[in-house]
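Novice: Give me the fold of what follows.
(chains A and B)
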Amino acid sequence: MNINTNSYTYIFAIAMVIIVASLLSIAATSLKPFQDKNIELEKKSDILSSIGVVGEDPELLFNEYITDQLVIQDGKVVSSEITAFDIDMAAAVKESNNTRKVPLFKAKKNGNTFYVIPMRGTGLWGPIWGYVSLKGDGNTILGASFDHEKETPGLGAEISTPIFQDQFPDKVLFSETRDGIEVRKGDAYGSQQVDGISGGTITSVGVQTMLEDCLIPYKEFLLNLSVDEIEMPADSILSVVLN
Amino acid sequence: MEMSKPKEALFSKKNRGLLKDPMNVNNPITVQVLGICSALAITVKLKPAIVMSLSVIVVMALANVITSLMRNMIPNRIRIIVQLVVVATLVILVDQVLKAFVYDVSKQLSVFVGLIITNCIIMGRIEAFSLGNSPWKSFLDGIGNGASYGLILIVVSFFRELLGNGTLYDYPVVEKLGLYELGYHNNGMMLLPPMALIVVALIIWWQRSKTPSLIEKD
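Specialist: Numbers count the residues shown, from 1 in each chain, chains lettered A, B, ... in the order given. Prediction:
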């Protein structure tokens, strides 16, 4: 058979495409459950690492440490048909401030209560996201972790490194002058300021905007946390906030 | 019962050459200088380098076998497209499998798995070898070239991770040896792409000094 005729070439190409397409769709569908599970586990271990829990089995640790998952809308806890964990932050942040439903994870570690807030915003080249964990007063930061999709390595991508993230613990989110954390150039000494990344200004500002934007729905809820929920010794920052 | 034409042994001298030659005199990276781009990108640490090597070996061996099986059916005019489709399909499969079973590694490799498609070594071997040879020979050729690509990757990442990060396969070697207390510092420059090129160049230098046949006459 002459394999170089036009008709043979067409038939060969069509057959090849059909075989390849069905092969790939079978593979994609059959592997999907495993991939979704991995994404879920990653999310759980991200939430856990923001309160300083790192371990082999995120599934188990998540059930152990995360005591409650709340859905917050406009400063109040609301009921929702989807669980807090399954809320898609990418879709949620697109809604306006008072209609969006956002998740809040309540964790208990060594007898202390912590709150974990998921964040999502925009960097220079694509989305950035992270988790900010708060101490029992709902204002002092315990830890923050950020990640990104395609920020420039060495510049914007530095938001996912300890150099940037280690500045956040013990800063406060709400005060009379500002809600959120200001990313400064150089002189970040205040309790609501962190030092930005040289060469990563747009990403740094993206983090600041993300914090400000994502905090809005939680503000009322966090500031109204009743005193009996606060089990930690009240330090100086705490008393300022409560006044 | 004798065959009219004696069948070649599975591992005849010629076939062993298919496996061995790419390791040295025909090394795709250090002699043919192909596949350099990924050699720069994923040799910062051993673990992703090893996974990348395994992925490339699998893709290259399978792609070689498949195209070799089809070599008498592929219309000449669309053969490059067919080769691309075969490689791309395999790469997508590898990517999906990695995402399902070694998620953290697949995140580190991210775009580079997709870039296996454009790895010139793979297309080069298909076009130059498997379209004209039997599946078994093509398989050996694929394994040989994939493994020698991987060998260079692993050697380069060994030095980059050890000198740049002080670890090997994420094990803190330097810390355990107590060198930091003696004032040793990691060389951060080893982590930057140019150092991969320099390490590859040093390997080429060493290889040439050991292998007279690679040295040009003048």
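
Novice: alpha carbons only for contacts and neighbour counts from here, please
Specialist: OK.

Novice: Please identify which residue in chain A comes closest to chain B.
Specialist: Distances between chain A and chain B by C-alpha to the nearest C-alpha are smallest at A:Q35, namely 4.5 Å.

Novice: Without its sequence neighbours, what residue ends up closest to that residue?
Specialist: Of all residues not flanking A:Q35 in the chain, B:A100 sits nearest, at 4.5 Å (C-alpha to C-alpha, 6 or more residues apart in numbering or on different chains).

Novice: isn't there a helix covering the one you found?
Specialist: Yes: counting by DSSP: H, G, I helix; E, B strand; the rest coil, B:A100 is part of a helix.

Novice: so what pLDDT did it get?
Specialist: Here the pLDDT value assigned to B:A100 is 89.

Novice: can I assume it is in contact with A:L31?
Specialist: Yes: with contacts counted by C-alpha atoms under 8 Å, B:A100 reaches A:L31, the gap being 6.2 Å.

Novice: Which of these two has more residues huddled nearby?
Specialist: Neighbours per residue, other C-alpha atoms under 10 Å in any protein chain shown: of B:A100 and A:L31, the larger number sits with B:A100, 22 against 17.

Novice: can you pull the contacts of the more buried one?
Specialist: B:A100 makes contact with A:31-32, A:34-35, A:38, according to C-alpha atoms under 8 Å, 6 or more residues apart in numbering or on different chains.

Novice: now, which of the residues you listed sits nearest B:V91?
Specialist: Of all the contacts of B:A100, A:L31 has the smallest distance to B:V91: 14.8 Å, by C-alpha to C-alpha.

Novice: What is the helix or strand containing the closest one packed up against?
Specialist: A:L31 is part of helix A:6-50 when elements are defined by DSSP states H and E. Judged by 3 or more C-alpha pairs under 8 Å, 6 or more residues apart in numbering or on different chains; DSSP states H and E, the packing partners of helix A:6-50 are helix A:58-65, strand A:127-134, strand A:141-148, helix B:79-101.

Novice: helices or strands next to the second one in the packing?
Specialist: Contact partners of strand A:127-134 among helices and strands, from 3+ C-alpha pairs under 8 Å, 6+ apart: helix A:6-50, strand A:112-122, strand A:141-148.

Novice: Could you spell out the sheet neighbours of it, each with its direction?
Specialist: Sheet pairing of strand A:127-134 (DSSP bridges) gives strand A:112-122 (antiparallel), strand A:141-148 (antiparallel).

Novice: Redo these as CSV? Include distance to A:Y65 and mean neighbour count.
Specialist: Formatted as CSV, those follow (distance: least, C-alpha to C-alpha, whole Å; neighbours: other C-alpha atoms under 10 Å in any protein chain shown):
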stretch, distance to A:Y65, mean neighbour count
strand A:112-122, 10, 22
strand A:141-148, 15, 22
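
Novice: Out of those, flag the one nearest B:P22.
Specialist: Across those, B:P22 has its closest neighbour in strand A:141-148 (39.2 Å, C-alpha to C-alpha).

Novice: In PDB, please show the C-alpha coordinates belonging to the closest one.
Specialist: Taking C-alpha atoms only, strand A:141-148 is exported to PDB below (Å, rounded to 0.1, in the frame of the first residue of the first chain):
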ATOM      1  CA  ILE A 141      -1.400  37.600  64.000                       C
ATOM      2  CA  LEU A 142       0.000  34.300  64.900                       C
ATOM      3  CA  GLY A 143       1.400  33.500  61.500                       C
ATOM      4  CA  ALA A 144       1.000  34.100  57.800                       C
ATOM      5  CA  SER A 145       1.800  32.000  54.800                       C
ATOM      6  CA  PHE A 146       1.500  33.200  51.200                       C
ATOM      7  CA  ASP A 147       1.900  31.500  47.900                       C
ATOM      8  CA  HIS A 148       1.600  32.500  44.300                       C
END
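
Novice: and A:D195, what are its phi and psi?
Specialist: phi -80, psi 130 (degrees, to the nearest 10).

Novice: looking at it, it is touching A:G186, isn't it?
Specialist: Yes: using C-alpha under 8 Å, A:D195 is in contact with A:G186, at 5.8 Å.

Novice: Of those two, which one has the most company?
Specialist: A count of neighbours by other C-alpha under 10 Å puts A:D195 above the other of A:D195 and A:G186, at 18 against 11.

Novice: Which strand residues bridge the more buried one?
Specialist: If you apply DSSP bridges, the partners that A:D195 bridges to are A:R184.

Novice: which ones are touching it?
Specialist: Residues in contact with A:D195, defined by C-alpha under 8 Å, 6+ apart, are A:164, A:167, A:183-188.

Novice: for residue 186, what are its contacts?
Specialist: If you meant another chain, say so; for now it's chain A. Neighbouring residues of A:G186 by C-alpha under 8 Å, 6+ apart: A:195-196.

Novice: ah, no, chain B please
Specialist: B:163-166.

Novice: mind listing which of these are in strands?
Specialist: Among these, DSSP state E puts none in strands.

Novice: Now neighbour count too, for those, in a markdown table please.
Specialist: Formatted as a markdown table, the entries for these read as follows, by neighbours: other C-alpha atoms under 10 Å in any protein chain shown:
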| residue | neighbour count |
| --- | --- |
| B:L163 | 19 |
| B:G164 | 21 |
| B:N165 | 22 |
| B:G166 | 23 |
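
Novice: leaving aside the residues next to it on the chain, what's closest to the spatially most central residue of chain A?
Specialist: Geometric centre of chain A, nearest residue: A:G130, 3.0 Å, by C-alpha atoms, centre = their mean. Leaving aside its chain neighbours, A:G130 sits nearest to A:F146 (4.0 Å; criterion: C-alpha to C-alpha, 6+ apart).

Novice: check contacts around that neighbour.
Specialist: Per C-alpha under 8 Å, 6+ apart, neighbours of A:F146: A:128-131, A:159-160, A:165.

Novice: where does the chain have low pLDDT?
Specialist: No chain in the question, so chain A it is. Scanning chain A with the threshold set as pLDDT under 70 gives A:226-243.

Novice: not quite, I wanted chain B
Specialist: B:1-7, B:110, B:218.

Novice: The residue of it found nearest chain A and A:I163: what is the separation?
Specialist: With C-alpha to the nearest C-alpha, the shortest gap between chain B and chain A falls at B:A100, namely 4.5 Å. Going from B:A100 to A:I163 by C-alpha to C-alpha, to the nearest Å gives 31 Å.
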